[in-house]
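1. Give me coordinates for this.
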Amino acid sequence: MLEEIRQQPKALEKTLRQELGSANELRARLARKRPKLIVLVARGTSDNAAQFGRYLLEITTGIPTSLAAPSIFTLYHASVDFKDTLLVAISQSGESTDTNLVLKQARAAGALTVGITNEASSEMAKLCEHLFLVRAGREKSVAATKTYTGQLLMIYLLAYALGAPIDIDDLRRLPDWTSQALKLEREIAARAERFRFMDHAVVVGRGLNYSNAFEFALKLMETCYVVAERFSSADLLHGPIAMVEPELPVFLFAPSGVTWASQQSLMQRLWQVKAEVTVITDQSNPQAIKELNGHKLAQCICLPARLAHKGRTPAELYTPIPYIVPAQILAASLAEIKGLDPDRPRSLKKVTLTL
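-> Down below sits the predicted model:
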């Protein structure tokens with residue numbers, strides 16, 4: 001798992017370089033007929049990537065975007081009208097049974113179909129009309145890391161293909177920003193010792209980093225056997241904050257930008273109940289760094305890069321990929337400290353088939 005985490009900068013660079021032409025081809029096609037609706041279908045880690053896609057695509061294109069419920073097709077056998085819809089299927093292996101069934105039925109019902117996968121010879125690659133291939137190389141660990149960030153990158157390219165103001169030069173900076181995050185590995189491994197006996201945790205994200213809250217929680221659950229609840233800061237305040245008690249570990253993704261105010265407010269509430277707060281941020285959010293330094297109930301994992309952007313681009317637009325890297329490292333390091341093998345979690349296989 002750690003080795004595959006370290007491979008992410010090169011995997012991202014290769015994926016962008018080799019898939020940009022494919023994105024331009026799709027961009028030309030979509031310019032002739034723009035979809036009125038986007039539907040994303042996935043499971044597991046890929047579903048967390050789809051959650052990111054929902055935010056990114058609606059924010060940058062204005063096209064309504066939803067997440068499919070595969071059981072509507074696999075269990076209830078419903079007939080759904082996909083006219084003028086773009087159906088995007090996401091799967092690391094390309095062999096997810098229910099994801100592929102939705103993809104096949106949506107195409108038959110009139111959708112334009114796009115597949116995002118790490119496997120060129122997979123069933124998904126054969127079923128979709130347009131393929132975005134994550135070029136991460138074989139992922140051996142059951143806990144997905146490099147395929148998750150590769151999927152996020154492909155969703156940026158999909159937004160670009162839909163005419164969103166995605167700057168390709170900014171996408172080219174993502175491998176370097178990810179390398180900057182990897183420089184924190186030794187520091188994070190040392191911090192992980194603090195959580196040796198952690199069995200419950202809360203992970204909070206908002207907006208574009210909401211998906212990272214789900215993904216980090218999933219990594220804690222599958223590699224460290226920690227019961228990890230995940231929320232947006234708004235949802236946590238609508239009731240679940242009642243479960244937060246002194247010393248409960250809470251992890252926050254806190255970039256600068258429009259989501260910072262709500263994360264900052266939540267952070268203050270958490271300190272009032274004496275929760276132990278760990279914040280992932282970067283150098284472009286000095287207010288977060290200032291508030292966290294020296295606070296006895298706080299830790300700050302601060303990326304050395306400055307990720308804020310000027311103009312009309314949301315400040316946190318390109319943070320999700322580099323921000324998940326410290327969380328991945330923490331999960332892998334904690335598993336090692338607990339004496340667990342993150343590459344072979346109990347009860348799990350690399351490819352999960354469900355209907």
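2. Helix or strand with the lowest mean pLDDT in the chain?
-> helix 286-292 (a mean of 86; mean pLDDT, DSSP states H and E).
3. now for whichever helix or strand comes after it, which elements pack on it?
-> Sequence-wise, the next helix or strand downstream of helix 286-292 (DSSP states H and E) is strand 298-303. Using 3 or more C-beta pairs under 8 Å, 6 or more residues apart in numbering; DSSP states H and E as the contact test, the elements touching strand 298-303 are helix 168-182, helix 185-192, strand 276-282, helix 286-292, helix 320-337. The C-beta positions use only the backbone N, C-alpha and C, and glycine is treated the same way.
4. rerun at 6 Å
-> Applying 3 or more C-beta pairs under 6 Å, 6 or more residues apart in numbering; DSSP states H and E, one finds that strand 298-303 contacts strand 276-282, helix 286-292.
5. where do the helices sit along the stretch 51-200 of the chain?
-> Using DSSP state H, counting those that start in this stretch, the helices assigned to the stretch 51-200 of the chain run over residues 71-74, 97-108, 123-127, 146-161, 168-182, 185-192.
6. can you list the helices and strands packed on strand 298-303 in CSV and add mean neighbour count and distance to Ile166?
-> Output for those, formatted as CSV (neighbours: other C-beta atoms under 10 Å; distance: least, C-beta to C-beta, whole Å):
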stretch, mean neighbour count, distance to Ile166
strand 276-282, 24, 20
helix 286-292, 16, 26
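7. closest to Cys224 out of the ones you listed?
-> Across these, Cys224 has its closest neighbour in strand 276-282 (14.4 Å, C-beta to C-beta).
8. tell me what the least confident helix or strand of the chain is packed against?
-> By 3+ C-beta pairs under 6 Å, 6+ apart, helix 286-292 packs against strand 298-303.
9. Can I get the strand it packs on in CSV? Just the C-alpha atoms.
-> Extracted in CSV, the C-alpha atoms of strand 298-303 (Å, rounded to 0.1, in the frame of the first residue of the first chain):
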residue,chain,number,x,y,z
ALA,A,298,-5.2,19.9,17.8
GLN,A,299,-2.7,18.5,15.2
CYS,A,300,-2.1,20.1,11.8
ILE,A,301,-0.9,18.1,8.8
CYS,A,302,0.1,20.9,6.5
LEU,A,303,1.1,20.3,2.9
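10. That one vs helix 168-182, what angle?
-> Interaxial angle of strand 298-303 relative to helix 168-182 (axes from the mean of the first three to the mean of the last three C-alpha atoms, to 10 degrees): 130 degrees.
11. Show residues contacting strand 298-303.
-> Outside strand 298-303, the residues within contact range by C-beta atoms under 6 Å, 6 or more residues apart in numbering are 180-181, 277-282, 289, 292, 322, 326.
12. again, but for stretch 206-215
-> For stretch 206-215, contacts defined as C-beta under 6 Å, 6+ apart pick out 48, 51-52, 55, 203-205, 230, 232-233, 253, 259, 262, 316, 320, 323-324.
13. Just to be sure, which of those residues are found in strands?
-> 203-205, 230, 232, 253 (DSSP state E).
14. now those in JSON lines, with distance to Lys14, pLDDT and neighbour count?
-> Output for the ones in strands among the contacts of stretch 206-215, formatted as JSON lines (distance: C-beta to C-beta, whole Å; pLDDT from 0 to 100; neighbours: other C-beta atoms under 10 Å):
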{"residue": "Val203", "distance to Lys14": "30", "pLDDT": "98", "neighbour count": "24"}
{"residue": "Val204", "distance to Lys14": "32", "pLDDT": "97", "neighbour count": "30"}
{"residue": "Gly205", "distance to Lys14": "27", "pLDDT": "97", "neighbour count": "32"}
{"residue": "Arg230", "distance to Lys14": "30", "pLDDT": "96", "neighbour count": "24"}
{"residue": "Ser232", "distance to Lys14": "33", "pLDDT": "94", "neighbour count": "19"}
{"residue": "Phe253", "distance to Lys14": "26", "pLDDT": "97", "neighbour count": "29"}
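15. What is the nearest of these to Glu123?
-> Arg230 (29.9 Å).
16. Glu247 versus that closest one, what's the distance?
-> Distance, Arg230 to Glu247, using C-beta to C-beta, to the nearest Å: 19 Å.
17. and if you look at Cys300?
-> 18 Å.
18. Between the two, point out the one with more neighbours.
-> The residue with more neighbours, out of Cys300 and Glu247, is Cys300; 18 against 10, by other C-beta atoms under 10 Å.
19. roughly how far apart are the more buried one and Gly53?
-> Counting by C-beta to C-beta, the gap from Cys300 to Gly53 is 29 Å.
20. One more: Leu334?
-> In terms of C-beta to C-beta, Leu334 sits 28 Å off from Gly53.
21. hang on, the earlier thing: could you single out the nearest of the ones in strands among the contacts of stretch 206-215 to Ala69?
-> Of all these, the one sitting nearest Ala69 is Arg230; the distance, using C-beta to C-beta, is 18.8 Å.
22. Touching, that closest one and Val204? I think so.
-> No. Contact criterion C-beta atoms under 6 Å: Arg230 and Val204 do not qualify, at 7.5 Å.
23. Return the set of buried residues in stretch 139-159.
-> The neighbour-count check on stretch 139-159 (16 or more other C-beta atoms under 10 Å) flags 139, 141-159 as buried.
24. ditto for stretch 195-211
-> 195, 198, 201-211.
25. Same question for stretch 171-179.
-> For stretch 171-179, by 16+ other C-beta under 10 Å, it's 171, 174-175, 177-179.
26. so how far is that stretch off the chain centroid?
-> How far stretch 171-179 lies from its chain's middle: 16 Å, per C-alpha atoms, centre = their mean, to the nearest Å.
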